[in-house]
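Chemist: no FASTA, just this:
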């Protein structure tokens, strides 16, 4: 897959602005940004029926509109957190409590799975300290 000329120019311009006169760092940044762009493109090119993937991509591009490396990092962190959030289980906690906390986390942090997971873990830990 090729990187579009306009994207390549943006990457090169950003590298030159971040590292004026340091051409080896510019090459490093261009390579890093280009690889990240291609990986992100492979995710966004897929036919998404998966709302989580779509939300994670949207958050990453919104948080880092001009930094493909950080978009990829954020996307991967969000996907990992989404899986952990959805699979989270603690046998010491009744199912209804877990679902109540999960719903609260979704409501408080729509589209941000890292914060949903943090909220879920924090609230469950607190529940256990009260009831455990």
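Modeler: That came through, no problem. Not measured: the values here are computed from a predicted model.

Chemist: any idea how far residue 42 is from residue 60?
Modeler: 14 Å (Cβ to Cβ, to the nearest Å). Where you see a C-beta, it was placed from the backbone N, CA and C, and this is true even at glycine.

Chemist: Neighbour count for these two, which is higher?
Modeler: residue 60 (24 against 10; other Cβ atoms under 10 Å).

Chemist: That one contacts residue 71, doesn't it?
Modeler: Yes - counting by Cβ atoms under 8 Å, residue 71 is a contact partner of residue 60 at 4.2 Å.

Chemist: Find the residues that touch each one of the two.
Modeler: residue 40 (Cβ atoms under 8 Å, 6 or more residues apart in numbering).

Chemist: Mind naming the longest helix for this protein?
Modeler: helix 23-45 (DSSP state H).

Chemist: Tell me which residues of that one come out buried.
Modeler: 26, 29-30, 32-34, 36-37, 39-41, 43 (16 or more other Cβ atoms under 10 Å).

Chemist: for the chain, which spans come out with low pLDDT?
Modeler: For the chain, applying pLDDT under 70 flags the ranges 47-49.

Chemist: Tell me which residues are up against the longest helix of the chain.
Modeler: Defining contact as Cβ under 8 Å, 6+ apart, one finds that helix 23-45 is touched by 1, 3, 7-8, 11-12, 14-16, 18-19, 53, 57, 60, 67-69, 71-72, 75.

Chemist: Check the gap between residue 81 and residue 7 for me.
Modeler: 27 Å.
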